[in-house]
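Asker: no sequence on this one, just coordinates:
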């Protein structure tokens, strides 16, 4: 409780010297979650808990045990409680870039350092900032987020916002957020998110490979994962192309035309992917609106370094404790050296 109190005091201090409204909504949002939280064991024992919710929560406790016992993730009370927020997302995050750059706008906070997004517990608050940034000329992407990590400062609960997903995705989300508790490097969003994504993917693979999972479920996951890989490769390829466009010394009007053409090409390439996927339309919503630099950034931030982390995991023979130790050692290096050394594992 002491560290939790210190966090609140620190945020209160910051709110007096910085953005009062922003830090107030953060404190109020966390407090609202705390008030709604109740132990999963109590819900499982209660006669008025809906049957489907009981089954989901019972399965999540098994996933939670697997995370600590098999994946060596933090063994604490996170994801042993439940909170119904009565809304579809817990937070709304904003990504922003200049119009002709894929470099993220960054926001800096106490404890977590500087990150490539800004989160709000209120959709209205996030929308207000998004509109303000658009008026300033930024490319902006506003995304609803089903879960987040308090980095161990609080016992993060299971949220109703997570329960609409298939079980393997819920498992992956829990593994991802616990990975942030395991290791977090200040001022390096791409490193932190790619590390957590790697733990998520590996965790799902090992969760599905355990005894008792039906082969059809494993096959469905493998098909979905392959489509995701191809989608990510498409986005990363478009990012590379746009970086080359933005480095050209050409008039702004020509730069804008080249940017529009690049995104039109991306849409066309996606349609080709859908043909190969036999019409699977799971990414249609992503392409439907706000296709811009910031939206690409939201994918790149989470995915760009994942292959390098997977290569590092292979280097240590799939041993997760050894992997965590190696990643922690990388985290002690200066940022540019850290990324360069991590990428080196791709060519070993």
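Answerer: Great, that's in hand. Note that the structure is predicted; figures quoted are calculated from it, not measured. Residues are numbered from 1 along each chain as shown.
Asker: ok, and for the strand or helix carrying residue 205, which residues are buried?
Answerer: Per DSSP states H and E: residue 205 is located in helix 189-209. For helix 189-209, a neighbour-count test (16 or more other CB atoms under 10 Å) marks 189-204, 206-208 as buried. (Each C-beta comes from the backbone N, C-alpha and C, glycine too.)
Asker: next one: stretch 223-234
Answerer: For stretch 223-234, by 16+ other CB under 10 Å, it's 227, 231-232, 234.
Asker: quick one: residue 54 and residue 147, what's the gap?
Answerer: 20 Å (CB to CB, to the nearest Å).
Asker: report the contact partners of residue 101.
Answerer: By CB atoms under 8 Å, 6 or more residues apart in numbering, the contact list for residue 101 reads 246, 293.
Asker: helix, strand or coil for it?
Answerer: coil (DSSP: H, G, I helix; E, B strand; the rest coil).
Asker: where does the prediction get shaky in this protein?
Answerer: Across the chain, the ranges flagged by pLDDT under 70 are 1-18, 111, 211.
Asker: show me the helices in it, by range?
Answerer: Along the chain, counting by DSSP state H, helices occupy 2-17, 20-36, 40-45, 51-69, 123-135, 167-182, 189-209, 215-246, 252-276, 284-288, 293-303, 306-315, 320-331, 335-344.
Asker: any chance of CSV for these, columns distance to residue 92?
Answerer: Formatted as CSV, these follow (distance: least, CB to CB, whole Å):
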stretch, distance to residue 92
helix 2-17, 19
helix 20-36, 11
helix 40-45, 26
helix 51-69, 24
helix 123-135, 4
helix 167-182, 17
helix 189-209, 17
helix 215-246, 21
helix 252-276, 23
helix 284-288, 16
helix 293-303, 12
helix 306-315, 24
helix 320-331, 28
helix 335-344, 28
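Asker: nearest to residue 152, of the ones you listed?
Answerer: Ranking the helices of the chain by proximity to residue 152 (CB to CB) places helix 167-182 first, at 4.5 Å.
Asker: return the distance of the residue of the chain most remote from its centre relative to residue 257.
Answerer: Here the chain reaches farthest from its C-alpha mean at residue 251, the gap being 36.0 Å by CA atoms, centre = their mean. Residue 251 sits 10 Å away from residue 257, going by CB to CB.
Asker: returning to that earlier point: how about the residue farthest from the centre of the chain, phi and psi?
Answerer: phi -60, psi 150 (degrees, to the nearest 10).
Asker: I'd like the numbering to begin with 486 instead of 1 from here.
Answerer: Let's use 486 as the start, then, which means that last one is residue 736.
Asker: who has more neighbours, residue 539 and residue 632?
Answerer: Of the pair residue 539 and residue 632, residue 632 is the one with more neighbours under other CB atoms under 10 Å, namely 19 against 15.
Asker: hang on, isn't the more buried one packed against residue 665?
Answerer: No. Contact criterion CB atoms under 8 Å: residue 632 and residue 665 do not qualify, at 10.4 Å.
Asker: the residue nearest to residue 663 when sequence neighbours are not counted: what's it in contact with?
Answerer: Nearest residue to residue 663, sequence neighbours excluded (CB to CB, 6 or more residues apart in numbering): residue 558, at 4.1 Å. By CB under 8 Å, 6+ apart, the contact list for residue 558 reads 552, 660, 663-664, 666-667, 684.
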